[in-house]
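Colleague: Model the structure of this input:
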Amino acid sequence: MEIFATGGTGYMGRALVRALVPRGHRVTVLARRTSLDRVPAGATPCIGDALDAESFVRAIPRGATLVHLVGTPHPNPSKAAEFERIDLASLRQSVAAALRAEAGHVVYVSVAQPAPAPVAAPAAASAAKEIAWADMNKDQRLEYMKSVVAPRMKQVFVNFSPDRFSKMNCMTCHGDSAADGSFKMPNPRLPKLPTTPDGFKKLAAEKPAVMDFMKNEVKPKMAALLGAPEYNPETKSGFGCMECHTTAQ
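Modeller: Alright, predicted model coming up:
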């Protein structure tokens, strides 16, 4: 099958292309010139702009399936303007290009979803809104982790790997001592991380899907839940990998 993917160099796109190519599908990936090194092996790159149908319409094979994956990273209500400017605008361009190229199908993967079922008791949710993580005492933090962070992050992990994380609970990250709240982080029983940039590059090459997931899903979502910025290597501050993981010696 002929596949034309927009957003094929992003988190979801790369995972999709890596799954399609070994199955014999012929995949063309729309990419900016600066992102060509992120086009997965086995796919054909098409240099273009997702906001300009004219730049890629001729690369869509007749009868192909166009999969549209362009979207604002880490979407939330505060990014409504970005959604209009990027998500909606790029979708319109993709549909226009697909019609002109006589594509067979268009698959749109949207970030829109129903609001999740409440996972926190009213009191806990109210407290979470009124008290920042940095200002919570130990009991408040334990309650917030149990009623808010744990269920939300479990869904993130289950979406990534249902079989592996369907039984995820507090002990998955914090160990057996999570039962009585006596755990300490980082947890030496979690996978150990490299100590150098080259080590991280090697790990990313060995486990690209996991590293993409941790970098683009887990770290930013955990930082947001804790009301903290993501780790900044220049200031050496913020929520990062070493909050949970220790390093290999």
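
Colleague: buried sites along the helix or strand harbouring residue 140?
Modeller: Taking DSSP states H and E as the criterion, residue 140 maps to helix 138-144. Within helix 138-144, the residues that qualify as buried are 141, 143, 144, counting by 16 or more other Cβ atoms under 10 Å. Glycine gets a C-beta too; all of them are placed from N, C-alpha and C.

Colleague: In CSV, list those residues along with distance to residue 176.
Modeller: Formatted as CSV, the buried residues of helix 138-144 follow (distance: Cβ to Cβ, whole Å):
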residue, distance to residue 176
141, 19
143, 20
144, 21
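
Colleague: Run through the neighbouring helices and strands of the helix or strand following the helix holding residue 140.
Modeller: Per DSSP H and E, the first helix or strand lying C-terminal to helix 138-144 is helix 150-160. Counting contacts by 3 or more Cβ pairs under 8 Å, 6 or more residues apart in numbering; DSSP states H and E, helix 150-160 packs against helix 162-165, helix 219-225.

Colleague: chain center to helix 150-160, what's the gap?
Modeller: The chain centre lies 12 Å from the centre of helix 150-160; the measure is Cα atoms, centre = their mean, to the nearest Å.

Colleague: Provide the contact partners of that helix at residue level.
Modeller: 116, 119, 164-166, 168-170, 213, 217-218, 221-222, 225 (Cβ atoms under 8 Å, 6 or more residues apart in numbering).

Colleague: From the centroid of this protein, which residue is nearest?
Modeller: Closest residue to the average C-alpha location of the chain: residue 217 at 3.5 Å, with Cα atoms, centre = their mean.

Colleague: ok, what's across the strand from the nearest residue to residue 8 once chain neighbours are set aside?
Modeller: Leaving aside its chain neighbours, residue 8 sits nearest to residue 29 (3.4 Å; criterion: Cβ to Cβ, 6 or more residues apart in numbering). Beta bridges link residue 29 to residue 5, residue 45, judged by DSSP bridges.

Colleague: Burial check on residue 29, number of neighbours?
Modeller: Residues near residue 29, counting by other Cβ atoms under 10 Å, number 27.

Colleague: contacting residues for it?
Modeller: For residue 29, the contacting residues are 5, 8, 9, 13, 17, 39, 40, 43, 44, 45, 46, by Cβ under 8 Å, 6+ apart.

Colleague: and those, which are buried?
Modeller: Buried residues within these, counting neighbours by 16+ other Cβ under 10 Å: 5, 8, 9, 13, 17, 39, 40, 43, 45, 46.

Colleague: Mark which of those residues are part of helices, please.
Modeller: Judged by DSSP state H, the subset of the buried ones among the contacts of residue 29 located in helices is 13, 17.

Colleague: ok, of the buried ones among the contacts of residue 29, which one's closest to residue 240?
Modeller: The closest of the buried ones among the contacts of residue 29 to residue 240 turns out to be residue 9 (Cβ to Cβ; 23.6 Å).

Colleague: Tell me how far that closest one lies from residue 96.
Modeller: Distance of residue 9 to residue 96, computed by Cβ to Cβ, to the nearest Å: 21 Å.

Colleague: returning to what we had before: so which of the helices and strands packed on helix 150-160 is the most surrounded?
Modeller: Highest mean neighbour count of the helices and strands packed on helix 150-160: helix 219-225, a mean of 17 (counted as mean count of other Cβ atoms under 10 Å).

Colleague: for this protein, where's the lowest mean pLDDT among helices and strands?
Modeller: Least confident helix or strand, the chain: helix 122-130 with a mean of 46, by mean pLDDT, DSSP states H and E.

Colleague: quick one, what contacts residue 61?
Modeller: Neighbouring residues of residue 61 by Cβ under 8 Å, 6+ apart: 2, 4, 26, 28, 101, 103.

Colleague: how does the protein divide into domains?
Modeller: 2-108, 122-243 (automatic domain parsing).

Colleague: where in the chain is pLDDT low?
Modeller: Applying pLDDT under 70 to the chain flags residues 76, 111-131, 249.
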